[in-house]
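[1] what's the 3D shape of this:
(2 chains)
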Amino acid sequence: MTSESGADSEAKQPRENKETEKEKGKAKAAAAAEPASPQNQPEQFPAAAGHSTPARKEQEQQEVDQVSHRSSISRLSRSPLKGVKKTKIMECKVALLDGSDFTLNLEKRARGHVLFDKICEHLNLLEKDYFGITCRDVENQKNWIDPGKELKKQIRTGPWNFAFNVKFYPPDPAQLTEDITRYYLCLQLRDDVVSGRLPCSFATHTVLGSYAVQSELGDYDPEELGSDYISELRFAPNQTKELEEKVMELHKTYKGMTPAEAEIHFLENAKKLSMYGVDLHHAKLVGSCLAPSEGEDSEGVEIMLGVCSSGLLIYRDRLRINRFAWPKILKISYKRNNFYIKIRPGEFEQFESTIGFKLPNHRAAKRLWKVCVEHHTFFRLVSPESQPKKFLSLGSKFRYSGRTQAQSRRASSMINRLAPLVERSSSKRYNMSLSLDGAPIAENHETPMKDSAAAGAAKILTKGDLITTVTTEKKAEEEKAEQEDAPTDAAETQEPTTPLRHDTKTKDEPPASEETKEEVEPKTTKAAEYLVKYVGDSVATDLASSSGLHGISPSTTMDDDVFMDGTLREVDEVAEREEIKVSPGAVRQEVYQAISDKKGTLIILKEADDKVDAEGKETGAAGEEEEPALRGEAEGGENEAVMGVEIWSPKMEANGVTQIKGTDSPKKAMASWISEVVKTEATEVVGASTKASDAPQPGEEVQTEQSKSGPSQITPPESSTTSLAVSTLGWVPSSEKGPPEPEEKVVVATETEAAPAESTGPTGCDVVEVGTKEVPVVHTETKTITYESAEVETNGDVDPGVLLSAQTITSETTSTTTTTHITKTVKGGISETRIEKRIVITGDTDIDHDQALAQAIKEAKEQHPDMSVTKVVVHKETEITPEEGED
Amino acid sequence: MAGLMSGFGHYTHAVVRGIPASLAKEALRSCQAEVDLAEARREHEEYVEVLGTRLGLEVVELPADESLPDCVFVEDAAVVCGDTALITRPGAESRRRETETMKSALKELNLNIVEMTDEKATLDGGDVLFTGREFFVGLSKRTNQRGAEILADAFKDYAVSTVPVLEGLHLKSFCSMGGPGLIVIGSSEPAQKALKIMQQMSDHRYDKLTVPDDLAANCIYMNLPNKGHVLLHPTAEQYPESAKEDCRGNHAGCSGLMLKSLGF
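    Take a look at the predicted model:
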């Protein structure tokens, strides 16, 4: 619903009344004042909700005076910069929620957050995480400004006009800490209602309207207000006299109710509306499996996709025809005009399924995808996933980078200021400028969907250039795991053998370790990527053995139960976390902190064969936008039971290729909280023992940390992810007592939830050895996943077949990463095995890429004589423009 | 002032309609068991008695119409929620005129009347399950997509989700509300499947009460001003006899017409 609001706010802009004028002057002054200008000081004080109201008049008067003896805008913007390097200044106009405009000057290179912070400061808003800035693109679609990117890159053309809007509608506004936050939320909702984005019944219009009146005008007072006061306000898309009378009737009954109370009542009613906080996007169905209630073939049916705090809603006209709660969704991705969601198998299905939607265009698909990523992260995760590294980017680097709701709540519980005076401005604007668009449903795309020929074609889900994100739901332990992982990575990448780093890890702020990692990262400015693809029959085993891989464990299935359990418990976990925060224990605090700051996630992924190929193409051709393909692969689901299955390499993360997926059963959240502390010690111990142990000793439970050891040794780092989940109270004591017990690789066994892990563990070992032949292997990664996926088929095959297993093996040397994908599919009774090798060579220009490539191909040919090179992609990345690429 | 959309509100009125003699021979039937007209009328009287005397509802009794053999099933003719009454367009052609009397009766109760005029739309109230928080509309032999859309338009505050009804006549042939947040559901496979769909489509969580017999799941829940939560359900002895059950089910048919008092 949010997405449309800008239109209206913008519509309001033309009618600038005196207030706005003042506002503007003030705003400009404030903005310009920032560099210095002592005479501006008075304006620096919190602009409170700087909307003029009688109460404020005096103060404004002052300000106006000050403004008056200052000079023109242009001078203002220049003067402070005198003597400084010449920077281009842009004037930004922001439509605020109360209909006024806020104008300020910003450096042309300023990033989104600069603008956002200034607006929030102007509004005196602390709980800002629910809000965002939108701007209209060429197609007049609303896009959210990415705070981390430069504004100028997000505004292709035209003036710098923005709108300040609610981005994440809190499901329970009563939980917001400050009245002022609720006030702004109310303003947004009033606009949502009046514009028709938030449909409601007549009765609800009257109730919401009456609270809005109480909030804005206070008690009913015929003498002061007159008899017609109500018709100056707007409550509904099609406001009638009858409605106004009812509103007035109700208003009379609220005597004594404070504005803040009225707003709480307003929100309590608004939040129950079925379209509250639902961001709608036009789309068409691709395929027919969508709606349980749609008997007929629903291909091409026009629908609306609604993104909200709890998941994705599918509407056909006004009817909800399906709903996918976030925990149901394993993966979301987009490719060209299409948007895909991969659904966790339900009670009646045995396999995952992928559902495709056709959006009006590529931008719309991407916009939807981003909104989904953001909503999922904000409402479901404890903390945002870290952004994949920039370097050699495969897959979109886009991540929601703000705070999550959990973090926001935590932060706002710390707000320690007297409730600010909320200046509730007059909303007469609603009367004057709003068009009566009774648009029944908010929509994100005004452009009617065209029936492009592609619509039908999209039925086949070629995964080629899928851009995907994994909807990993982070649970407490995951967090921890990752937090542990990040540092671990650093250690491994750098000096894999140094156990010492572990100790620091837990104690140090993860951010610190993150930094370290970055430093460690090779200063790569240029990367070359080569793809070698091989298709053959039943080669899986060959390859497997040649690479030391022993068998793909077909028995692996997703442990749905574990997962389900996880989801159910999410909420509790959050609660627990909160408790923990309260608990004074110093260590916990640290852990807590660490978790909240957690960084560095890795995900790896299984890639269906062609995918890489296609993706490569896109990368080459389409450029950044499509790059995300690989990452799409990130198989991930929320702690999908994949847990044990995945072994990731920290290095991968550096490449931006992968992302870690935290996995774990939430069930253990509590336990791990406690064991966390102990773990630190255990880790140390382990570190010491690491060397000693080379021979795997089965049967013993060991913490993952220890898994890191010699460079050529297999590190099932994933175990570190998972192990956290696994660690329970029971385990703690044992590890504590057991000093250096060399039970290395056994770790895998710990991952009880995912059988495949076991098979993978050893595999990883062998692989590494293979790699070692030629170059020092830094790390090995192996992944096995067995599942069915409709979208797996590639190469335009109409019959998708059933994917039996997919495996990814990655080995790395200093400059070369070799990823082998083995996919087994069964199609019409014929099983096909595809092996695809992808060799990525990265490094500075001083590496001889050609030679490295030749070498890599040679090796590959040795293993598989009939392998052919299908694609060579050279990707060059410079650090000059770190921002682009995402959009 | 109580918020809107506060679940079921309070029930104040009940609308019923007499049983025409034509019911026995001409009514639309899903099973061929013979209808004992006298017995049916006796049961109906008892039902009205319970509503009016024991529960203290204001009962609006509409006269039977011999030309409308199914007119006793008032549930199908209208859907009332809050201050709005949606007059339906029943799926069975022979029943369309049932709505006329209903409309005037509801008008007298000062409800906002919304009529379903679209000739492509059909909707039987029996396919409409209001849970207090949202609507589920069964897409059945009697109710189509268009009918559901019009219902969604009439009750904009609520989510309206569609549920396929593959077997049985109506969605509420095998389920009904047993209280706030409690769905009473039959144990047949279609019933259970429909429940699953409803659970998936909903943002809310419902408890379920599974009863062995689908028809037994047909209850009337009421929130009465003085008596609190009341559940009207088939009695134990009526239970096993499916012929009577068929008839009993009709009683629940009135549930759509338990009227909530307005919020304000």
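
[2] C-alpha only now, for contacts and for neighbours.
    Fine.

[3] what's the burial count for residue 88?
    The chain I'm using is chain A. 13 (other Cα atoms under 10 Å in any protein chain shown).

[4] I was thinking of chain B, sorry if that wasn't clear
    Counted with other Cα under 10 Å, residue B:88 comes out at 29.

[5] before we move on, what about the one 4 residues further on?
    Number of residues near residue B:92 (other Cα under 10 Å) recorded here: 14.

[6] ok, it - contacts?
    residue B:142 (Cα atoms under 8 Å, 6 or more residues apart in numbering or on different chains).

[7] excluding its backbone neighbours, what's nearest residue 135?
    Went with chain A since none was named. residue A:162 (4.7 Å; Cα to Cα, 6 or more residues apart in numbering or on different chains).

[8] let's do chain B instead
    residue B:160 (4.7 Å).

[9] Residue B:150 versus the one you found, what's the distance?
    Using Cα to Cα, to the nearest Å, residue B:160 is found at 10 Å from residue B:150.

[10] quick one: which of those two has more around it?
    It is residue B:160, of residue B:160 and residue B:150, that has more neighbours when counted by other Cα under 10 Å, with 29 against 23.

[11] Which SSE is immediately downstream of the helix or strand containing that one?
    Residue B:160 is part of strand B:159-164 when elements are defined by DSSP states H and E. Remark: after strand B:159-164, the chain's next helix or strand is strand B:175-179, criterion DSSP H and E.

[12] Alpha carbons only: can I get stretch B:86-98 in PDB?
    Taking Å, rounded to 0.1, in the frame of the first residue of the first chain, the C-alpha atoms of stretch B:86-98 are listed here in PDB:
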ATOM      1  CA  LEU B  86     -25.700  -8.600   1.400                       C
ATOM      2  CA  ILE B  87     -28.700 -10.000  -0.400                       C
ATOM      3  CA  THR B  88     -27.400 -12.900  -2.300                       C
ATOM      4  CA  ARG B  89     -28.100 -14.400  -5.700                       C
ATOM      5  CA  PRO B  90     -28.700 -18.000  -4.900                       C
ATOM      6  CA  GLY B  91     -27.000 -20.500  -7.200                       C
ATOM      7  CA  ALA B  92     -30.200 -22.500  -7.700                       C
ATOM      8  CA  GLU B  93     -32.500 -20.700 -10.100                       C
ATOM      9  CA  SER B  94     -35.600 -21.900  -8.300                       C
ATOM     10  CA  ARG B  95     -34.500 -20.100  -5.100                       C
ATOM     11  CA  ARG B  96     -33.700 -16.700  -6.500                       C
ATOM     12  CA  ARG B  97     -37.000 -15.200  -5.400                       C
ATOM     13  CA  GLU B  98     -36.400 -16.200  -1.800                       C
END
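
[13] Can you mark which positions in that stretch are buried?
    B:86, B:87, B:88, B:89, B:90, B:91, B:95, B:96, B:98 (16 or more other Cα atoms under 10 Å in any protein chain shown).

[14] just checking, the second one touches residue B:81?
    No. Using Cα atoms under 8 Å, residue B:87 is not in contact with residue B:81, being 11.6 Å away.

[15] Bridged to the residue nearest to residue A:135, which residues?
    Legend: beta-bridge partners of residue A:162 under DSSP bridges are residue A:94.

[16] For it, give me its contacts.
    A:6, A:92, A:93, A:94, A:95, A:133, A:134, A:135, A:136.

[17] how many neighbours does the fourth one have?
    Counted with other Cα under 10 Å, the burial measure for residue A:94 works out to 27 neighbours.

[18] quick one: contacts for it?
    Per Cα under 8 Å, 6+ apart, neighbours of residue A:94: A:101, A:102, A:103, A:161, A:162, A:163, A:164.

[19] For the first one, which non-adjacent residue is closest in space?
    Same thing as residue A:101. residue A:95 (4.5 Å).

[20] mean confidence for the strand holding residue B:160?
    The average pLDDT within strand B:159-164 is 95.

[21] just stretch B:214-231 next, same as before
    Averaged over stretch B:214-231, pLDDT sits at 83.

[22] Please put the alpha-carbon coordinates of that stretch into CSV.
    Listed next in CSV are the C-alpha coordinates belonging to stretch B:214-231 (Å, rounded to 0.1, in the frame of the first residue of the first chain):
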residue,chain,number,x,y,z
ASP,B,214,-19.6,-33.7,8.8
LEU,B,215,-23.2,-32.8,9.3
ALA,B,216,-22.8,-32.5,13.0
ALA,B,217,-20.3,-29.8,12.3
ASN,B,218,-23.1,-27.6,11.4
CYS,B,219,-23.7,-25.4,14.4
ILE,B,220,-24.7,-21.9,15.3
TYR,B,221,-22.5,-19.9,17.5
MET,B,222,-23.9,-16.8,19.0
ASN,B,223,-22.5,-14.2,21.3
LEU,B,224,-25.5,-13.1,23.3
PRO,B,225,-25.7,-9.9,25.3
ASN,B,226,-26.9,-11.6,28.4
LYS,B,227,-25.9,-15.2,28.0
GLY,B,228,-22.5,-14.9,26.6
HIS,B,229,-21.3,-17.6,24.3
VAL,B,230,-24.0,-19.9,23.1
LEU,B,231,-23.6,-22.8,20.7
